[in-house]
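Undergrad: only geometry, no sequence info:
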């Protein structure tokens, strides 16, 4: 049995989100929440909301026991890239890429691998 939640179009680059996701992979959901709460990264707050959402999905939709659940899969992919222009010297313009991410979090019940 597994519960799943997705967070799309988060305005943080995937590279920065993956650093935080590596911290919570294969951890119990209560332990993962504590890690996210005390990690001083910008991706921690949206991931904390996503973890709360997937825990609620597991409890209410799939009747899973949260004390037995762990983060089995968590991955991040690139979303759309917002392209902006920055003025440079001599009338030139350079591109600025504002990257977004799509994050997926999956909880499973039982012993983690």
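TA: That came through fine. All of these numbers come straight from a predicted model, not from anything done at the bench. Numbering: from 1, shown residues only.

Undergrad: Phi, psi for the residue lying farthest from the centre of the chain please.
TA: Most distant from the centre of the chain: residue 90, at 41.0 Å, with distances by CA atoms, centre = their mean. According to degrees, to the nearest 10, the main-chain angles of residue 90 amount to phi 60, psi 30.

Undergrad: what does the strand ranked longest in the chain contact?
TA: Secondary structure assigned by DSSP state E gives strand 69-87 as the longest strand of the chain. Under the contact criterion CB atoms under 8 Å, 6 or more residues apart in numbering, strand 69-87 has outside partners 2-3, 8-10, 14, 17-18, 21, 24-29, 32, 51, 55, 58, 93-110, 112-113. C-betas here are computed from N, CA, C, even on glycine.

Undergrad: Tell me which residues touch the nearest residue to residue 24 once chain neighbours are set aside, please.
TA: Taking CB to CB, 6 or more residues apart in numbering, and ignoring the residues beside it in sequence, residue 24 has residue 32 as its nearest neighbour in space, at 4.0 Å. With contacts defined as CB under 8 Å, 6+ apart, residue 32 is in contact with 24, 51, 70-71.

Undergrad: now residue 54
TA: Under the criterion of CB under 8 Å, 6+ apart, the contact partners of residue 54 comprise 3-5, 105-107.

Undergrad: Could you measure from residue 55 over to residue 4?
TA: According to CB to CB, to the nearest Å, residue 55 and residue 4 sit 12 Å apart.

Undergrad: Overlap in contacts, those two.
TA: residue 107.

Undergrad: more crowded one of these two?
TA: Each of residue 55 and residue 4 has its neighbours counted (other CB atoms under 10 Å); residue 55 has more, 21 against 15.

Undergrad: State the helix or strand in which that one lies.
TA: Per DSSP states H and E, residue 55 falls inside helix 44-60.
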